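Trainee: Here is a sequence together with a model predicted from it:
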Amino acid sequence: MTAPVPPPPEMRSAEQRPAVTSNRGLLTTIAVLAVLLLGAVAAWAAQYQVTLDEAEKVRSLRAERDANWQSDAAAPDSAASAPASTPDPSKAEVAKLEKDGFKNTGHPGLYWRFTPESERPLCSFGSCVFVDVASTTATCGSVYVEGNAVDEDDVIVGYTNDRVGALRAGDKARAELNILQDDGTGVRLSEVTCL
């Protein structure tokens, strides 16, 4: 009696085929996942670098602003008699902003508030907090808004920021602070800076 001849490989059933062919699909899947993971890591690294660059720009602008404020404070009183480059806001204008819930940012003529529920638009994605910025006399190339995302126990769980365009005296703008953390329920504002 002769031994049975096995069928050619293309005619074998899935159980009879060598394991190499089933591993080929697994290896292809692993390779695709590795490429996707590398792409995600590259995108994250690029975004991280943008965040670092923006933070460095904010730090340098803060230092420049503080130096200007210190030099203004050290200027002789004769400079006070010179005409102001921007008019003083009327008390009525400031009182209206304060009545509407605005607070001074520490920068002359620049005010902020959390946007009231009745005026809040939809978030771009996820959950967010909106911050309104108003200028009475400040002229800003842009306004940087920063905050810490907090959980229901007011524990910091993340960081969020936004930058709005140029403001002139009398302008208002709205910043959107996205909360990307699953346990984030709100934002504790840490900075509103005229750049």
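Mentor: All right, it came through fine. Owing to the predicted nature of the structure, the values given are computational and were not obtained by experimental measurement. Numbers count the residues shown, from 1 in each chain.
Trainee: In this protein, what residue spans correspond to helices?
Mentor: Under the criterion DSSP state H, helices of the chain are mapped to 19-74, 91-99.
Trainee: Nearest to Ser135, out of the ones you listed?
Mentor: Evaluated over the helices of the chain, closeness to Ser135 peaks at helix 91-99, with 10.0 Å, by C-beta to C-beta. In short, each C-beta sits where N, CA and C put it, glycine included.
Trainee: what sits up against the closest one?
Mentor: Contact with helix 91-99 is made by Tyr111, Ala134, Thr136, as judged by C-beta atoms under 8 Å, 6 or more residues apart in numbering.
Trainee: Show me what counts as buried in that helix.
Mentor: Glu93, Val94, Leu97 (16 or more other C-beta atoms under 10 Å).
Trainee: Check stretch 186-195 too.
Mentor: Here stretch 186-195 shows Gly186, Val187, Leu189, Val192, Thr193, Cys194 as buried, counting by 16+ other C-beta under 10 Å.
Trainee: before we move on, what about stretch 112-127?
Mentor: Judged by neighbour count using 16+ other C-beta under 10 Å, the buried positions of stretch 112-127 are Trp112, Arg113, Phe114, Thr115, Ser127.
Trainee: List just the nearest of those residues to Ala3.
Mentor: Ser127 (70.4 Å).
Trainee: May I ask you to confirm that Asn104 is in contact with Tyr111?
Mentor: Yes. Asn104 lies in contact with Tyr111 (C-beta atoms under 8 Å); the separation is 5.7 Å.
Trainee: distance of Ser90 from Lys96?
Mentor: 9 Å (C-beta to C-beta, to the nearest Å).
Trainee: Same check on Leu37?
Mentor: Leu37 is 54 Å from Lys96, where distance means C-beta to C-beta.
Trainee: re earlier: take the buried residues of stretch 186-195 and write them to TSV, including pLDDT and distance to Leu61.
Mentor: Formatted as TSV, the buried residues of stretch 186-195 follow (pLDDT from 0 to 100; distance: C-beta to C-beta, whole Å):
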residue	pLDDT	distance to Leu61
Gly186	92	27
Val187	94	22
Leu189	93	18
Val192	94	13
Thr193	92	7
Cys194	91	9
